[in-house]
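Novice: need a structure here:
(2 chains, ligands or ions: 2)
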Amino acid sequence: MKLVSYFRGEAFQRGVHPPSCKLTAERKIRRLPFPDRVTVPLSQHIGKTPRPIVRVGQEVVRGQPIARSDEWLSVPHHAPLSGVVEFIGLRPGMRGTWIEAIVIRAHPGATQEDLWGRPRDLSQASGQDILQAIWDTGMVGLGGAAFPTHAKLSVPKQAKVHTLVVNGCECEPYLTCDHRVMVEHATDLIAGIRYAMRATGAVRSIIGVEDNKPDAVLVLRQAIADAAVAGVSEEIHVEAVPTKYPQGAEKMLITALFGAEMPAGGLPIALGMVVSNVGTLAALGKLLPLGQGLTERVVTVTGPGVAKPGDYRVILGTPLKFVLDYAGASAVDAMDARQVILGGPMMGQAIASLDVPITKGVSGVLVFRAEDMVEREARQTYPCIKCGECVESCPMGLNPSTLGMLAAKREYELMGEKYFLGDCFECGCCTYVCPSNIPLVQQFRVAKQILREKAA
Amino acid sequence: MSAPIEIRSAPHVQSAKTVETIMRHVVYSLLPICAFYVFQYGVSALASIVVVTGACLLTERFFVGTGTQAGRLPDYSAVITGLLLALTLPPGFPLWMGAVAGIVAIALGKALFGGIGFNVFNPALVGRAFVQAAFPTAIATYTPSFLPGRFAEFIPSTHAVPLMIPADAALWLKAKSLDALAGATPLAKWKFDGVLANADELLTSLSGHMAVGPSPLLILLCGAYLASRRFMDWRIPLAVLGSAALTAWLLYAFDATRYPNPFFMLFSGGLILGAVYMATDMATSPVTPKGMWVYGALIGLLTVVIRYYSGLPEGVMYAILIANAASPLIEKITQPVPFGRGVLDRVKKRATYPLNPGYISREEANAVTPKKRFLPNKPKK
Ligand code: SF4
Ligand code: SF4
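Specialist: Ligands and ions are numbered 1, 2, ... in the order given. Okay, the predicted model is just below:
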């Protein structure tokens, strides 16, 4: 069946099929307790970093804005806890460097309800008003890219958007947070989709879900039918797309849904589309009518090193150590955790310290033990044997084999000019398949960085 | 927090396929072929396989040991070279010449270029080309298969003293009251005597005392196993055989009296072995899918042309070596078209339902236009 749909062209070309390892797909989302201290890094998204608008020692209530910026590509942050601002300064960040952050100590007795938000009626609001409201929530793409949502949903004057594509693929192995959100918060998701459609002026919306989540497809179709009965007039569809990594990439999803290739270097808006992730829209659907800010998100805590894997609703700024203690990361206690990864195994970021907080863009925490790493470590690296596996798996249709050889020779300009290095979106398929164990995408990251620096 | 956390760059998972597993499976798939080969030709073939492979391994070990070559012994690639080389040599090939072939294959074919992955020419064929030039008589001396007593007695040429002229196989055959012609390969018979072999003899050589190489049927079978497990690219053998068959068929259709039928072309000589095991050598074939088609087609075409128009009965080896040399060039002109940079036509052809609103569900779309597409890459399991 998969093959049939493949030959019909319902999937993008190439790509890989890593084992899915979705350990937590059947478990309900649970709430993680409130930590007694949170760290809110100022830079949590792409774009300009907002500045703190609170002082050390100031009392804040949950949901109160604590940092903002007047730049367009920037969103405010809200206090995730009611408490006292304890410290503003450098804290360890997920990329290994120390970054500026606001530390808030919780009031021991506070109920931790969001007391700041004011419910509002958006039924008559214009698209512009909704965009403003989205900015107020401090929403960024919760799928991992952390691009400010209001910027993504705002359509430039000369462009016109007809379709809102909702990305429910979650193609990364292990992660299930979007899956659970679709199953448990379908109504919020539909509400969020309707807001987004009004903000963009889209006339239809298509939710793309990988066909390994049939339950989510069913729940969503039911929810749409229910909404239609309740008088929702927007056109919303759910479409199952083939399971394949990286189906969740914008371009790949559009290819799977429409068979169209997005022109290189272009944005979906060139095709009259806007793509957003289900987690983001579900959160919007919940927060917008309440007028609250984004203070928590659903995170998949999983991996072989976690005793109680599951999807947890986590307060933003909660230190990883707290999360892992709660989820029973036995490996961490036994000093056996060899790798802790924020995000999925294909594109996630390995972190150096468990003091790193959960931020808006963190969709998963993955713990690998030493014994899970042995096999990979024992692997020998060979020269490229030109097997062609990487060429056959690169979803962007690049030639990672040649690129890798050029990278080894430091011919970065040539890579950029003749071999389209700039098209690589670092999905990692090439490294995943390479039998010679060549760190291809790792080299490409370096090469791209060097090219960027040279261009600057 | 002081647990020894390690930082690595994504991706943090990798597929299970490594160079070792690929090479190991190629060796496994060669074993039945070798076994049948030994069954056909007896102890001499066995000795030849062992000596040639041993020579390859020792040479590889020497070069890896001296550090002039990348890779390690357990990567099995030298075993593949050895086995393939032995299969291309006549079963009664003097052992010391076989050893020379093995040493040359690894030393000149591989180590000279820097080891696994860097070689430009298929090492086994380099070895074979060398001995073909150095010992033209010995390499043309085939003995028939299924000789009586083949397990008890070596073919006399097998244990020739190094640097001496090997014993005459023809005399030996005559003593066994078989005429010398029986020892010629079907291709040589066709080329020099105009005799065409039967289909079943070509495929298995079970019926008569035909001097064919390893069984083509078995090779196809083992190749299919490799391709299905994706340890080998299916495009190259298909392209080689397809283009050889097409060229041969065109000529056959043009003048059936002068040219043999395409079936004979495909299944005689080393074409099947070359197409399945030699042309697909990863390091010496292009990495791009389009390039693989071009490369394979070139080999098929050259093989037939060399067989028909040159003084040699067999052309697979030179065809592959020439295509090896051309492969970097082929690769250069067949770079894949990156996503979103193709012609817009391609985009339209692949559309499953319309880009613009006026939504058609996939079920409807499929019901209306069942689109046929030429099969692209097989999705991975
Ligand atoms: S990381 Fe880049 S080069 Fe590698 S498969 Fe992905 S897009 Fe292609
Ligand atoms: S997958 Fe690795 S070994 Fe194979 S062609 Fe690509 S870079 Fe070379």
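Novice: going forward, measure contacts between C-alpha atoms and count neighbours the same way
Specialist: Will do.
Novice: and residue A:436, what pLDDT?
Specialist: Residue A:436 carries a pLDDT value of 89.
Novice: could you report the separation of the closest residue to it other than its chain neighbours from residue B:124?
Specialist: Of all residues not flanking residue A:436 in the chain, residue A:382 sits nearest, at 4.8 Å (C-alpha to C-alpha, 6 or more residues apart in numbering or on different chains). Distance, residue A:382 to residue B:124, by C-alpha to C-alpha, to the nearest Å: 20 Å.
Novice: distance of residue A:56 from chain B?
Specialist: 26 Å (C-alpha to the nearest C-alpha, to the nearest Å).
Novice: host element of the residue nearest to that residue when sequence neighbours are not counted?
Specialist: Distance criterion C-alpha to C-alpha, 6+ apart; nearest residue to residue A:56, sequence neighbours excluded, is residue A:85 at 5.0 Å. According to DSSP states H and E, residue A:85 maps onto strand A:83-92.
Novice: residues in contact with that strand?
Specialist: Strand A:83-92 has contacts (C-alpha atoms under 8 Å, 6 or more residues apart in numbering or on different chains) with A:41, A:54-62, A:98-107, A:110, A:353, A:355-356.
Novice: now that strand, how far from the centre of its chain.
Specialist: 25 Å (C-alpha atoms, centre = their mean, to the nearest Å).
Novice: returning to what we had before: so what's the residue count around the residue nearest to residue A:436?
Specialist: Using other C-alpha atoms under 10 Å in any protein chain shown, residue A:382 is surrounded by 20 other residues.
Novice: hey, C-alpha coordinates of the strand holding residue A:85 in CSV?
Specialist: Extracted C-alpha coordinates of strand A:83-92, given in CSV (Å, rounded to 0.1, in the frame of the first residue of the first chain):
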residue,chain,number,x,y,z
GLY,A,83,7.5,34.4,42.3
VAL,A,84,10.4,36.8,42.7
VAL,A,85,13.0,37.6,40.1
GLU,A,86,16.1,36.3,41.6
PHE,A,87,18.8,36.9,39.1
ILE,A,88,19.2,38.4,35.6
GLY,A,89,22.5,37.4,33.9
LEU,A,90,24.3,34.5,32.2
ARG,A,91,23.1,31.0,32.6
PRO,A,92,24.1,27.8,30.6
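Novice: mind saving the C-alpha coords of the following helix or strand past that strand as CSV?
Specialist: Per DSSP H and E, strand A:83-92 leads on to strand A:98-106 as the next helix or strand towards the C-terminus. Output of strand A:98-106 as CSV, limited to C-alpha atoms (Å, rounded to 0.1, in the frame of the first residue of the first chain):
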residue,chain,number,x,y,z
TRP,A,98,26.2,30.8,28.5
ILE,A,99,23.3,33.1,27.6
GLU,A,100,21.4,35.8,29.3
ALA,A,101,18.4,34.7,31.3
ILE,A,102,16.0,35.7,33.9
VAL,A,103,15.8,33.4,37.0
ILE,A,104,12.5,33.4,38.9
ARG,A,105,12.1,31.7,42.3
ALA,A,106,8.6,30.4,42.9
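Novice: what's the angle between strand A:98-106 and strand A:83-92?
Specialist: With axes from the mean of the first three to the mean of the last three C-alpha atoms, to 10 degrees applied, the angle from strand A:98-106 to strand A:83-92 works out at 160 degrees.
Novice: average pLDDT for the helix or strand just after strand A:98-106?
Specialist: As assigned by DSSP H and E, the chain's next helix or strand after strand A:98-106 is helix A:127-137. Averaging pLDDT along helix A:127-137 yields 88.
Novice: run a quick neighbour tally on the nearest residue to residue A:98 once chain neighbours are set aside.
Specialist: Spatially, and ignoring its direct neighbours in sequence, residue A:98 is nearest to residue A:92 (4.2 Å; C-alpha to C-alpha, 6+ apart). Neighbour count of residue A:92, defined by other C-alpha under 10 Å: 20.
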